[in-house]
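Trainee: coordinates for the following, if possible.
(one chain, ligands or ions: 1)
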Amino acid sequence: MPTIIDGKAISTQIKDELKEQVAKMKEQGITLCLAVIQVGADPASCVYVRNKKKACEYIGIESLSYELPEETTQEELLGIIKELNSRKDVNGILVQLPLPKGLDEEKILDAIDPLKDVDGFHPMNVGNLSIGRKGFVSCTPAGVIQLLKRSGIEIEGKECVVVGRSNIVGKPMSMLLLRENGTVTTAHSRTKNLKEVTKRADILVAAVGKPRMITADYVKEGAVVIDVGIHRNEDNKLCGDVDYESVAPKCQAITPVPGGVGPMTIAMLMKNCVESYSLQNQ
Ligand code: NDP
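Mentor: Below you'll find the model as predicted:
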């Protein structure tokens with residue numbers, strides 16, 4: 001039977017460590033504050049924003065909430081970001097995606113001070129990751145690395161295959177596995193003979209955005225399989241990019257959905273918030 005990697009337990013462990021760290025910082029008179037900006041009322045975004053604020057509260061990070069109407073203009077939003085960039089008491093700025101049509105996501109994310117970009121989406125932070133400099137790393141792939149490390153799974157020297165090359169998940173995931181000395185292949189929709197590629201993987205990360213696409217015939221016997229996908233199936237139940245039922249029996253270890261990668265994203269956002277202080281004061 002495979003090891004089921006418990007993302008809920010690992011994320012709680014990380015949040016508890018951060019809570020302690022934040023308490024110690026408070027003793028030294030240091031407080032942390034995350035500004036969360038939401039434009040419109042997309043139901044999924046409302047849930048994510050609520051969970052982010054709850055995590056801040058748990059860890060002891062202050063949160064500033066900006067709930068802006070759907071009609072907010074680009075200039076208004078840029079104005080708020082500019083003000084938050086200049087505020088000494090604000091350590092992190094997060095703009096919840098997706099933004100309503102009419103707002104230029106790229107321009108808005110580029111406007112965030114890279115030293116406050118706790119989502120790790122700013123080109124400066126993406127560049128820092130690729131050349132091995134300090135900076136914020138996109139939370140979901142950073143969470144995957146923590147899941148592997150804290151489950152005692154070695155990355156160094158392993159064949160790692162990432163299916164997906166988005167800017168938020170696939171690409172930073174590949175960069176991080178490379179940083180950990182994995183031998184990394186990034187597969188995508190134009191990859192030929194995908195099954196042959198994925199079957200080489202000792203560590204297979206599925207970030208493909210297609211429900212249960214990765215079935216047993218994509219996976220080598222004894223592989224570690226990390227499922228980044230989140231979908232609702234026909235019965236409104238959560239499922240991933242991996243067909244868990246058929247894949248799990250072949251694996252050394254696997255993440256479930258829910259309870260695998262999902263809870264790690266917010267834990268890593270909190271870690272970025274805590275680390276923002278030292279980045280801003282180096
Ligand atoms: P995107 O849709 O942006 O990217 C999907 C990637 O998969 C693309 O690079 C695409 O290739 C590739 N792809 C699509 N179809 C195939 C195929 N048939 N064969 C091979 N590759 C394919 O998705 P995201 O990266 O944003 O998200 C991936 C998944 O992770 C989604 O299910 C999403 O819901 C989930 N997610 C989960 C998070 C969490 O907290 N757990 C956070 C963020 C995302 P190409 O570039 O060629 O189009």
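
Trainee: what's the burial count for the closest residue to Leu238 other than its chain neighbours?
Mentor: Of all residues not flanking Leu238 in the chain, Pro258 sits nearest, at 4.8 Å (Cβ to Cβ, 6 or more residues apart in numbering). In short, each C-beta sits where N, CA and C put it, glycine included. With neighbours defined by other Cβ atoms under 10 Å, the count for Pro258 comes to 15.

Trainee: before we move on, which element is Pro258 in?
Mentor: In this structure, Pro258 sits in neither a helix nor a strand according to DSSP states H and E.

Trainee: Lys82 in helix, strand or coil?
Mentor: With DSSP: H, G, I helix; E, B strand; the rest coil as the basis, the three-state label of Lys82 is helix.

Trainee: surely it touches Ala111?
Mentor: Yes - judged on Cβ atoms under 8 Å, Lys82 makes contact with Ala111 at a distance of 7.1 Å.

Trainee: settle it for me: which of these two has more neighbours?
Mentor: Each of Lys82 and Ala111 has its neighbours counted (other Cβ under 10 Å); Ala111 has more, 20 against 12.

Trainee: can you find the helix or strand of the chain with the lowest average pLDDT?
Mentor: In the chain, the helix or strand scored least confidently by mean pLDDT, DSSP states H and E is strand 231-232, which has a mean of 93.

Trainee: counting contacts, what elements does it pack onto?
Mentor: Identification of packing neighbours for strand 231-232 by 3 or more Cβ pairs under 8 Å, 6 or more residues apart in numbering; DSSP states H and E yields strand 238-239.

Trainee: okay, whichever helix or strand comes after the strand it packs on in CSV with CA atoms only?
Mentor: Following strand 238-239 in sequence order, the next helix or strand is helix 244-247 (DSSP H and E). Output of helix 244-247 as CSV, limited to C-alpha atoms (Å, rounded to 0.1, in the frame of the first residue of the first chain):
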residue,chain,number,x,y,z
TYR,A,244,-6.4,8.1,-7.5
GLU,A,245,-8.2,4.8,-7.5
SER,A,246,-6.1,3.3,-10.3
VAL,A,247,-2.8,5.1,-9.6
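
Trainee: just checking: what are the partner strands of the helix or strand following helix 244-247?
Mentor: Once helix 244-247 ends, the next helix or strand along the chain (criterion: DSSP H and E) is strand 253-254. Within its sheet, and counting by DSSP bridges, strand 253-254 is paired with strand 3-4 (parallel), strand 224-227 (parallel).
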